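Novice: Build me a model:
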Amino acid sequence: MTSVQVQQLVHAPASAAYHAFSNATALREWLCDFASAVPRPNGRIYLWWAGDFYSSGHFIEVEQDKKLSFRWFSNIDPAPSEITVTFEARGADTMVTMAHSVPDGEYWVERAEGFRAEWQRSLENLVSVLETGKDLRIVNRPMIGIFPGDFTPEQAKRLSVPVLEGLRLDDTVEGMGAHNAGLRKDDVIVEVNGKAISNDFNTFPAAIHGKKGGDPVQVVFYRGPEKHSVEMILSRRPVPEVPFDAQALAKAVQEPYVAAMKDLRQVFEGVSDAKAAKRPAPAEWSALDAVAHLIHTERANRQFIDELVQGFERAGDDFGGNIDAHIRATVQTYPTIEAILGELERNIAENVAFIANLPPEFVARKGSYFRMGWGMLQGTVHIYGHIEQIKAALVAG
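Specialist: Reported below is the predicted structural model:
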């Protein structure tokens, strides 16, 4: 067999580097887009990337914080190969060494060099994640400023859109690529950069893979029955400062939420409970329905934090939809403006308290902590995105 090797010094303890290779949540934070891992001999390891490349195998040798090896068998290779990773403590740092052994043969000569280049690039991202928490694949990825929504056959019929596959927009962010290009709520994107966009959100990041902020891409979308094509300039992704102190992060998260809730309450001033509960149309949300959705989001945020702290983040094949029965149940439980806004505020307060009480060992897990902090610092963007929807529902009602 032929073997190629890469090395990378990481300013992190060996336990952190080992965790990054042996835990499914950690693997997703620097290497792939989905992972499943059971780090024991014959335990599974499955790695998947957007674009439908994957490797499936099992662990061969596992030595806590020191060494692991696993079988690599990708969907494009004719035979399996083997990867061995060692973790050598050098003071407070760790030398990570990867050896990828491939079978003999002409095909594998070029393939081995490809492995070397890809592993070196991935280890550079590992350094960033372990040392700063920042996943360079996300930090350097451009954005277009959208709130993606579910797209069902019922919605396609209501919107008179003649396709069943695409990405429906709940809204766009002013000043960013999609809004500047003229896209608006309920537009359905079907193609980006010459690549088809389906109901699977992963088709979107795959379509702009390799692009950076400032690059132009062609976007094809439906607005009702009409098909449009526009050039969109990809936006650069703003990266917030995430303090690596739980109480400082909690304060930073809380402040914009206080302002957002003040603005949300102002929308309901002088509005009756009956008007707030009235749906503009049977399949459209009332103002209270939209607040119920915001409550569900904050509950989901808390569950997300809980899973990250435990180190076992759940992963689904899609974001899922907004179940009407769930929306109705929440509104029936909190049927007045004051009751439902109070429940939203209680969920926000609990999330802030959860962050303030995060254990030091989780804060030290920089990849998960930074990802959580980044998301929570942007939480009010979602609220403001639905304030306009609430205003429209109140006008229509």
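
Novice: Let me know the pLDDT of the nearest residue to Ala79 once chain neighbours are set aside.
Specialist: Closest residue to Ala79 apart from its sequence neighbours, by Cβ to Cβ, 6 or more residues apart in numbering: Pro103 at 5.4 Å. C-betas here are computed from N, CA, C, even on glycine. Looking at Pro103, its pLDDT stands at 96.

Novice: Verify the assumption that Asp306 is located in a helix.
Specialist: Yes: under DSSP: H, G, I helix; E, B strand; the rest coil, Asp306 sits within a helix.

Novice: roughly how far apart are it and Ile323?
Specialist: The gap separating Asp306 from Ile323 is 21 Å, by Cβ to Cβ, to the nearest Å.

Novice: Could you do Met176 as well?
Specialist: Distance of Met176 to Ile323, given as Cβ to Cβ: 29 Å.

Novice: okay, those two: which has more neighbours?
Specialist: Neighbours were counted for Met176 and for Ile323 using other Cβ atoms under 10 Å; Met176 has more, 20 against 11.

Novice: So for the more buried one, what's the pLDDT?
Specialist: 93.

Novice: Let me see the contact set for the closest residue to it other than its chain neighbours.
Specialist: Spatial nearest neighbour of Met176, chain neighbours left out: Gly145 (2.5 Å); criterion: Cβ to Cβ, 6+ apart. Contacts for Gly145 (Cβ atoms under 8 Å, 6 or more residues apart in numbering) come out as Thr172, Val173, Glu174, Gly175, Met176, Gly177, Ala178, His179, Ser235.

Novice: Would you mind giving both backbone torsions of Gly145?
Specialist: Taking degrees, to the nearest 10, you get phi 80, psi 60 for the backbone angles of Gly145.

Novice: same question, Glu110
Specialist: Torsion angles at Glu110 (phi, psi; degrees, to the nearest 10) stand at phi -70, psi -40.

Novice: what about it, how many neighbours?
Specialist: Quick note: Glu110 (other Cβ under 10 Å) scores 9 neighbours.

Novice: which stretches of the protein have low pLDDT?
Specialist: 318-319 (pLDDT under 70).

Novice: need the contact list for the spatially closest residue to Thr203 that is not a sequence neighbour.
Specialist: Leaving out its chain neighbours, the residue that sits closest to Thr203 by Cβ to Cβ, 6+ apart is Ile197, at 5.1 Å. Applying Cβ under 8 Å, 6+ apart, one finds that Ile197 lies in contact with Glu165, Gly166, Leu167, Ile189, Val190, Glu191, Thr203, Phe204, Ala207.

Novice: what's the distance between the strand or helix carrying Gly375 and the middle of its chain?
Specialist: Under the criterion of DSSP states H and E, Gly375 resides in helix 366-377. Offset of helix 366-377 from its chain centre (Cα atoms, centre = their mean, to the nearest Å): 11 Å.

Novice: Surely Leu164 touches Ala156?
Specialist: Yes: using Cβ atoms under 8 Å, Leu164 is in contact with Ala156, at 5.6 Å.

Novice: For those two, indicate the residue with more neighbours.
Specialist: Per other Cβ under 10 Å, whichever of Leu164 and Ala156 has more neighbours is Ala156, with 18 against 14.

Novice: So that one: helix, strand or coil?
Specialist: At Ala156 the chain is in helix, as set by three-state DSSP.

Novice: Now do the contacts for it.
Specialist: Pro162, Val163, Leu164, Val188.
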